[in-house]
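S.K.: return atomic coordinates for the entry below.
(2 chains)
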Amino acid sequence: AQKVTQAQTEISVVEKEDVTLDCVYETRDTTYYLFWYKQPPSGELVFLIRRNSFDEQNEISGRYSWNFQKSTSSFNFTITASQVVDSAVYFCALRNSNDYKLSFGAGTTVTVRA
Amino acid sequence: GAGVSQSPRYKVAKRGQDVALRCDPISGHVSLFWYQQALGQGPEFLTYFQNEAQLDKSGLPSDRFFAERPEGSVSTLKIQRTQQEDSAVYLCASSTRQGPSYEQYFGPGTRLTVT
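M.R.: Numbering: from 1, shown residues only, chains lettered A, B, ... in the order given. You can find the predicted model right below:
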């Protein structure tokens, strides 16, 4: 079985501040995939990033960056220089290699104030 | 091209009524998923199709829930004798290929309210 925990329920920041979202996961598989999705008020889940368990290299994509640490089973996500349009609920998700379904965390609501 | 579409966007049903929720995946996508999202929670898996075959229905909460994808494209999620605990957003997602590494593209969801 797998589990994803997002301990932060809500985060509120002022525009241009950085925001880091925490994600801790549990799985017995050695090969798995981690995702971050964004859900704006419109309701549609928008794919942001994917990471494979066998590649711990951290990357930056525009204003997004992530920190994947297998030793602590964490997959944290950072938005740099936040903007009001970043206000949404952010979900971390896990998918094992021998499975098709995504297991989501409970989500973190990010509010960016102008 | 067009994304995943779902209809209706909102549905209000009286307890005991049957409802049918429709999902149009991205054209050519082999895999189709249904998820249920309760208020303030993350989506929970319901069922998975590969083309017209339903390969996993382990997440369906009861035998009142039924899903089909007869021609391998459009899918319908049917809930019989709706109960108040069925109130949630039902999300459909599709994926271009098989395999766990491919991201799922989600539709806007159908918000079901059972009164």
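
S.K.: now A:Q69: how far from chain B?
M.R.: As for A:Q69, its distance to chain B is 20 Å (criterion: Cβ to the nearest Cβ, to the nearest Å). Using the backbone N, CA and C atoms, a C-beta is placed for each residue, glycine as well.

S.K.: end-to-end on stretch B:68-76?
M.R.: One end of stretch B:68-76 to the other measures 6 Å (Cα to Cα, to the nearest Å).

S.K.: how many other residues sit next to the closest residue to chain A within chain B?
M.R.: For chain B and chain A, the shortest gap (Cβ to the nearest Cβ) falls at B:G42, measuring 3.2 Å. A count of nearby residues for B:G42, using other Cβ atoms under 10 Å in any protein chain shown, gives 22.

S.K.: which residue packs closest to it, ignoring adjacent ones?
M.R.: The shortest distance from B:G42 to any non-neighbouring residue, by Cβ to Cβ, 6 or more residues apart in numbering or on different chains, is to A:F104 (3.2 Å).

S.K.: quick one: the strands in chain B?
M.R.: B:5-7, B:10-13, B:19-24, B:31-37, B:44-50, B:53-56, B:65-68, B:75-79, B:88-95, B:105-106, B:110-114 (DSSP state E).

S.K.: dump the longest one to CSV, restricted to CA.
M.R.: Spelled out, that is strand B:88-95. Output of strand B:88-95 as CSV, limited to C-alpha atoms (Å, rounded to 0.1, in the frame of the first residue of the first chain):
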residue,chain,number,x,y,z
ALA,B,88,-18.4,14.8,-4.2
VAL,B,89,-16.6,16.0,-7.3
TYR,B,90,-16.1,13.2,-9.8
LEU,B,91,-13.0,13.6,-11.8
CYS,B,92,-12.1,11.9,-15.1
ALA,B,93,-8.6,11.6,-16.4
SER,B,94,-7.0,10.1,-19.5
SER,B,95,-3.5,9.2,-20.4
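
S.K.: circling back: now the residue of chain B closest to chain A: how far from B:P8?
M.R.: Computed as Cβ to Cβ, to the nearest Å, the B:G42 to B:P8 distance reads 23 Å.

S.K.: in contact with the residue of chain B closest to chain A, which residues?
M.R.: Contact analysis of B:G42 by Cβ atoms under 8 Å, 6 or more residues apart in numbering or on different chains lists A:4, A:91, A:93, A:104-107.

S.K.: closest to chain B out of those residues?
M.R.: Out of the contacts of B:G42, the member with the shortest distance to chain B (by Cβ to the nearest Cβ) is A:F104, at 3.2 Å.

S.K.: okay, now the closest one: neighbour count?
M.R.: So A:F104, with other Cβ under 10 Å, has 22 neighbours.

S.K.: how about it, what does it touch?
M.R.: Here A:F104 is in contact with A:4, A:37, A:91-93, B:42-44 (criterion: Cβ under 8 Å, 6+ apart).

S.K.: and the residue of chain B closest to chain A, what pLDDT?
M.R.: B:G42 is assigned 96 on the pLDDT scale.

S.K.: and it, what are its phi and psi?
M.R.: The phi and psi values for B:G42, taken as degrees, to the nearest 10, are phi -80, psi 160.

S.K.: quick check: A:Y25 vs chain B, distance?
M.R.: 13 Å.

S.K.: show me what contacts that residue?
M.R.: A:2-5, A:34, A:73-75, A:92, A:94.

S.K.: ok, is the lowest-mean-pLDDT helix or strand in chain A in contact with chain B or not?
M.R.: Sorting the helices and strands of chain A by mean pLDDT, DSSP states H and E puts strand A:60-61 at the bottom, at a mean of 76. No - Strand A:60-61 stays clear of chain B (Cβ under 8 Å from any Cβ of the partner chain), getting no nearer than 13.9 Å.
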